[in-house]
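> Below is the sequence, then the predicted model.
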Amino acid sequence: MPLSIVILAAGKGSRMKSNKPKVIHDVAGKSMLQHVVDTSKKLNPEQIIVVIGHESEQVTDVMRGQDLIFVEQTEQLGTGHAVLQCNDELKPGNDILVLYGDVPLIKLSTLEELINKGREDNVVSLLSFNADNPTGYGRIVRGKNGNVSAIVEQKDASEEVLRITESNSGILYMKGSEYGELLSDLDADNAQQEYYLTDVVKHAVRKNHNVDAVICDDETEVLGVNNQQQLAEIETIYRCRAATRLMDQGVKLVDPTRIDIRGKVSAGHDVVIDINCIFEGNVELGDGVEIGANCVLQNCKIGNNSKVQPMSIIDQSEIGRDNSIGPFARIRPETKTLDKAKIGNFVEVKKSLIGVGSKVSHLTYIGDTEMGEDVNIGAGTITCNYDGAFKHKTIIEDGVFVGSDTQLVAPVRIAKNTTIGAGSTITKDTAVGKLVFSRAKQVSISGWIRPAKNK
Ligand code: UD1
Ligand code: MG
């Protein structure tokens, strides 16, 4: 049967003490709900329905454009009530997987296992776990034969049931042929006067349907978030998982507790990453790449054997092989450096091509520039690319040498092998191989007296 996924996300999350609904708080730079949606999509469901309630506009705003169906639950009368709100949207006959918007670390493989269990002869399959501390969770009650017979909420549980450690994650799979009837059996006759989704188990058992559980052996996957402390714990777990994956690829992390991977990082052999680096989006690191401390890399590619020195930022750019970047370099979007280039300290590069072996070593801004091979840019050079309204290009051909403290006023072309004298403001194209400078002649004034204050 095709699959419908229902994600419960109507809760307010008052303990977050935030104006934002809980499920749009971020873990690793992405909302918790987005994590759940991304995992859901990998199961190829026919539909994903998100039940929203508190500040629902904020949720739909953050999640728009993703082919999600939003269902409003105006009053939160329980998890069963939440699923019942989806009746009009649910494709009849589809199996249903219920997920929680505030349980973001659930793994695809675990959900696949649960679905496979559901596709056996079971009408309800639930995901349970053995909690270190089960307080607050619904407990899984099993009959003499070991079969699941009910889920009992903490507030409804007897002393005996409270001693059970097998706990309900809340994640649940139901057969399409039966769930309608099971949901219509729900009532609010319990300690919290809520419609408990978990009661489908009791009703299924009463009707002699099979119920089974997959026991998740990693409690961290089913952790929910109720407050900022738990959100931080989830972030830490996410960070550890990502660091472990990277080390499994053979990367040396100087300290795996001090790296943040908020996207996908792929790495070649013998990559070393020093402490406190942040990786976002898709980052590709070639063989032998070294990343110094405190770097931020977003959606970029670093070629083999290139070194990124501490405190550097690289965003939406491609660094060639054998480059040296930083320390304190800022490489902004649409920059590409070819092999053996050098971008040194306090250099900002934007939307530019840096040719093979070219060096921009100190205190410089290069923007909207096309630079050839073996160019040397002196300290304090600025490409003046903006006239207040439009951006213009600077072309610097092969073998050019730019003296320090030079302004290249774009649009301008510096021809091959030009040498520019230090302190020049270049506003016109240059000719091949010439020495070019534009500066006032040095003069010496005799008899001049330096101003001094009267004592
Ligand atoms: C639920 C389970 C419990 C399980 C626990 C795991 C029930 C009755 N109990 O309890 O067995 O151990 O989760 O964390 O299901 N929600 C809505 N609308 C509602 C109520 C809840 O969207 O009307 C959403 C909440 O935003 C939350 C999730 O459903 O994301 C769970 O709700 P919560 O109130 O936290 O359920 P628990 O009492 O913790
Ligand atoms: Mg809860």
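Happy to help now that I have it. Ligands and ions are numbered 1, 2, ... in the order given.

> In this structure residue 56 contacts residue 76, no?
No. The criterion here is Cβ atoms under 8 Å, and residue 56 misses it with residue 76 at 11.8 Å. From N, CA and C alone the C-beta is placed, and that goes for glycine too.

> between the two, which one's more packed in?
For residue 56 versus residue 76, neighbours defined as other Cβ atoms under 10 Å are more numerous around residue 56 (19 against 16).

> Report the contact partners of the more buried one.
Contacts here follow Cβ atoms under 8 Å, 6 or more residues apart in numbering; on that basis residue 56 touches 10, 21, 70, 72.

> thinking again about what came up before, pull up the overlap in contacts between residue 56 and residue 76.
Joint contacts of residue 56 and residue 76 (Cβ under 8 Å, 6+ apart) are residue 10.

> how much space is there between residue 102 and residue 214?
Distance of residue 102 to residue 214, given as Cβ to Cβ, to the nearest Å: 20 Å.

> Of these two, which one has the most company?
residue 102 (26 against 22).

> Tell me the secondary structure of that one, please.
On the three-state scheme (DSSP: H, G, I helix; E, B strand; the rest coil), residue 102 is labelled coil.

> Mind telling me what element the residue nearest the centre of the chain is part of?
Centre of the chain computed as the mean C-alpha position; nearest residue by Cα atoms, centre = their mean is residue 262, 3.5 Å away. Using DSSP states H and E, residue 262 falls within strand 259-267.

> Residues touching that strand, excluding its own?
28-30, 239, 242-243, 246, 249-251, 253, 273, 275-285, 289, 299.

> So what touches stretch 219-226?
By Cβ under 8 Å, 6+ apart, stretch 219-226 touches 13, 15-16, 22, 25, 32, 100, 102-107, 110, 127, 129-132, 169-171, 216, 230-231, 233-234, 237.

> ok, now stretch 74-86?
Outside stretch 74-86, the residues that reach it (Cβ under 8 Å, 6+ apart) are 6, 8, 10-12, 49, 51, 53, 71-73, 96, 98, 170, 183, 186, 188, 192, 194-200.

> Out of the residues you listed, which are close to ligand 1?
8, 10-11, 51, 73, 170, 196-198 (Cβ under 6 Å from any ligand atom).

> For stretch 277-296, buried residues please.
Residues 277-280, 283-286, 288-296 are the ones in stretch 277-296 that count as buried (16 or more other Cβ atoms under 10 Å).

> Need the mean per-residue confidence for that stretch.
Averaged across stretch 277-296, the pLDDT comes to 98.

> Can you get me the start-to-end distance on it?
Start-to-end span of stretch 277-296 (Cα to Cα, to the nearest Å) is 6 Å.

> and what of stretch 244-264?
Using Cα to Cα, the end-to-end distance of stretch 244-264 comes to 13 Å.

> quick thing: my sequence starts at 599, can you match it?
Sure, I'll start counting at 599 from here, so that last one is stretch 842-862.

> Now find how far off-centre it is within its chain.
In terms of Cα atoms, centre = their mean, to the nearest Å, the centre of stretch 842-862 is set 14 Å apart from its chain centre.

> got it, and stretch 733-746?
A distance of 37 Å separates the centroid of the chain from that of stretch 733-746, by Cα atoms, centre = their mean.

> do stretch 1012-1025 as well
How far stretch 1012-1025 lies from its chain's middle: 44 Å, per Cα atoms, centre = their mean.

> And the closest residue to residue 872 other than its chain neighbours, how close does it get to residue 857?
Excluding the flanking residues, the one nearest residue 872 by Cβ to Cβ, 6 or more residues apart in numbering is residue 891, at 4.2 Å. According to Cβ to Cβ, residue 891 and residue 857 sit 11 Å apart.

> repeat for residue 833
Taking Cβ to Cβ, one finds residue 833 at 13 Å from residue 857.

> re earlier: pretty sure the residue nearest to residue 872 sits against residue 908.
Yes. The pair formed by residue 891 and residue 908 meets the contact definition of Cβ under 8 Å, at 4.5 Å.
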